[in-house]
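Participant: With the input below, show me the fold.
(chains A, B, C and D)
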Protein chains: 2
Amino acid sequence: MKIDPDSNADLSAQIAGAIRDAIISGDLRVDERLPSESELSDQFGVSRPTVREALKRLGAQSLIRTQRGATGGAFVNKLTYPDAYGQQITTSTLLLSMNAVSFQTACEARYALERACAPLSTKRRTADHLATMRAEAHRQAQPGLSDESFCASDVAFHRALVDAADNPVLSYQLAGAVEAMQPLMNMITFTARSRERIVALHTAIADAIEAQDAEATDRHLEELAAYTNELAQSVFDARAKQSASKSGVSS
Amino acid sequence: MKIDPDSNADLSAQIAGAIRDAIISGDLRVDERLPSESELSDQFGVSRPTVREALKRLGAQSLIRTQRGATGGAFVNKLTYPDAYGQQITTSTLLLSMNAVSFQTACEARYALERACAPLSTKRRTADHLATMRAEAHRQAQPGLSDESFCASDVAFHRALVDAADNPVLSYQLAGAVEAMQPLMNMITFTARSRERIVALHTAIADAIEAQDAEATDRHLEELAAYTNELAQSVFDARAKQSASKSGVSS
DNA sequence: GACAATTAAATGTCTGACAAATGAAAATCG
DNA sequence: CGATTTTCATTTGTCAGACATTTAATTGTC
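Facilitator: Residues are numbered from 1 along each chain as shown, chains lettered A, B, ... in the order given. A predicted model of the protein is given here:
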């Protein structure tokens, strides 16, 4: 681990990079304790605050965890699925909100990914996953349900569908699609959508998965994607109309 | 933005969380300048080193960038696709290496995702993407190619396939699958694989995509997945045999 | 008006210190 | 001797103040 004081990068960034590389390469193993902050500052030839800044960077990426006390210190953290989900969702949310992604592009990506899951889900779905999907579809049919709750239930339905594939790596990869894109899409379409239509499609999907009919599952997911795009289009059309009439009045 | 000094969490973590929330919620917009470190330390009632640790956490997630000098400071960073790719790849690599994911699980996830892309790629592929795939397949057929270069070319081939879908969100989502899983899988299978067989499959895939034959593309990708699994199985069998014969000698 | 020197503001880094947590060792008591 | 309590050393968390470095705006000069 060598540090170049003349480099353009911050010392703390260089130190964080060196430790990160050691973790990724396996030189530092899970649950292994790093040297104390004082020792690290000696090793790298920098002050303790600088080392601390480097450690905070790594902590923010869930690469290490710290513990106070006599036997405390910084330990290489095992990156758990929930940790990875969280990062995935945060990154996806920010990426979409900061990059002016068209609705169509996001929707296409989201359903392409979910349809990749579906064949596995139809094959492996358990009673548990089916029960969750049924329960959420049922909840969505309740008349008094708030828009927020409907959206949350929508997410839960799709998460159950994805988890039914019984592949944690796939569930992780789809976390961004389901938990970041779906809410964003809901925010756009919720004014125009017909809950009955969505519940009917969700029920049809659950039926197809229960019957282990991959072809029908795919068809209904495609319908749901098409309906979502249709909704977005009508919302955008309505907005365009409104702004046109506004400018007409003002002129 | 309020901070609770009695909370269990570090002050720097609380401050980082408060600023992160402000960014995600849109209270702080892209390229907006945060108050200076001194002002932040006054606002939150903590010292400057503590504020700095919080800012380093955010910097590690590419949420802010800092600039020195008179008009410098911390700015809300626009999360670019390359940034997001990088995080995705790092997280995926660590998740796989730390969680004892079976080869089968990883391979299944990876090909499910790529096959989700393929129909879009067959529809939208440009001459550019086709040329890249052809060039990489050609490179892979060179006799003197090192294993590292073959692996890198393999990744480049699949990245071109994914990018041909012309959906940046999908490309981002698949970055982990292509750039993290593919190299890991290569590390396991490279001793046993037949380069000819892989080049033939890559060529068949490129042909199918050029012909815009989605069905054939999917079939060849499935073959590639099956062959990869087969290779891994043979490697694992050989390892098991070797360790069995070893223990037989020693007994 | 163009160019050079100065200045102010901000981050980057260091030193030294104290507080708080925590496990281990030592001391004490039954 | 065994169990409990106390002490203590170690480590992270936080603070204060200072100086170095970078950078752009300002000022001064020709």
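Participant: near DNA strand D, which residues of the stretch 51-200 of chain A show up?
Facilitator: Counting by CB under 7 Å from any atom of the strand, the positions of the stretch 51-200 of chain A adjacent to DNA strand D are A:52, A:55, A:66, A:67, A:68, A:69, A:70, A:72, A:73, A:74. For every residue, glycine as well, the C-beta is placed using N, CA and C.
Participant: can you tell me which of those residues are up against DNA strand C?
Facilitator: Within those, those near DNA strand C by CB under 7 Å from any atom of the strand are A:67, A:68, A:69, A:70, A:72.
Participant: pLDDT score for the first one?
Facilitator: Predicted confidence (pLDDT) at residue A:67: the value is 94.
Participant: Then residue A:83?
Facilitator: 92.
Participant: Now do the same for the closest residue to DNA strand C within the stretch 51-200 of chain A: helix, strand or coil?
Facilitator: Nearest to DNA strand C in the stretch 51-200 of chain A, going by CB to the nearest atom of the strand, is residue A:69, at a distance of 2.1 Å. For residue A:69, the secondary-structure state derived from DSSP: H, G, I helix; E, B strand; the rest coil is coil.
Participant: Is the longest helix seen in chain A in proximity to chain B?
Facilitator: Once chain A is assigned using DSSP state H, the helix that runs over the most residues is helix A:214-250. No - Helix A:214-250 lies out of reach of chain B by CB under 8 Å from any CB of the partner chain, never closer than 11.2 Å.
Participant: So for that helix, mean pLDDT?
Facilitator: When pLDDT is averaged along helix A:214-250, the result is 84.
Participant: chain center to that helix: distance?
Facilitator: 24 Å (CA atoms, centre = their mean, to the nearest Å).
Participant: quick one on the thing from earlier: so which of the ones next to DNA strand C among the residues of the stretch 51-200 of chain A next to DNA strand D comes closest to chain B?
Facilitator: residue A:68 (9.9 Å; CB to the nearest CB).
Participant: what's that closest one sitting at in phi/psi?
Facilitator: Phi and psi for residue A:68, reported as degrees, to the nearest 10, are phi -90, psi 170.
Participant: which residues touch the closest residue to chain B within the stretch 51-200 of chain A?
Facilitator: Per CB to the nearest CB, the residue of the stretch 51-200 of chain A with the smallest distance to chain B is residue A:116, at 3.4 Å. For residue A:116, the contact set (CB atoms under 8 Å, 6 or more residues apart in numbering or on different chains) comprises A:170, B:112, B:113, B:115, B:116.
Participant: Mind pulling up the pLDDT for it?
Facilitator: Looking at residue A:116, its pLDDT is 92.
Participant: for residue A:4, same thing?
Facilitator: pLDDT, residue A:4: 62.
Participant: where along chain A do the strands fall?
Facilitator: All strands of chain A, identified by DSSP state E, fall at A:64-67, A:73-76.
Participant: can you put those strands in CSV and add distance to chain B and mean neighbour count?
Facilitator: What follows is the strands of chain A, written out as CSV (distance: least, CB to the nearest CB, whole Å; neighbours: other CB atoms under 10 Å in any protein chain shown):
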stretch, distance to chain B, mean neighbour count
strand A:64-67, 9, 16
strand A:73-76, 9, 20
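Participant: Tell me which of the ones you listed lies nearest to residue A:201.
Facilitator: strand A:64-67 (42.8 Å; CB to CB).
Participant: List the contacts of that closest one.
Facilitator: Contact partners of strand A:64-67, identified using CB under 8 Å, 6+ apart, comprise A:19, A:23, A:34, A:55, A:58, A:59, A:72, A:73, A:74, A:75, A:76, A:77.
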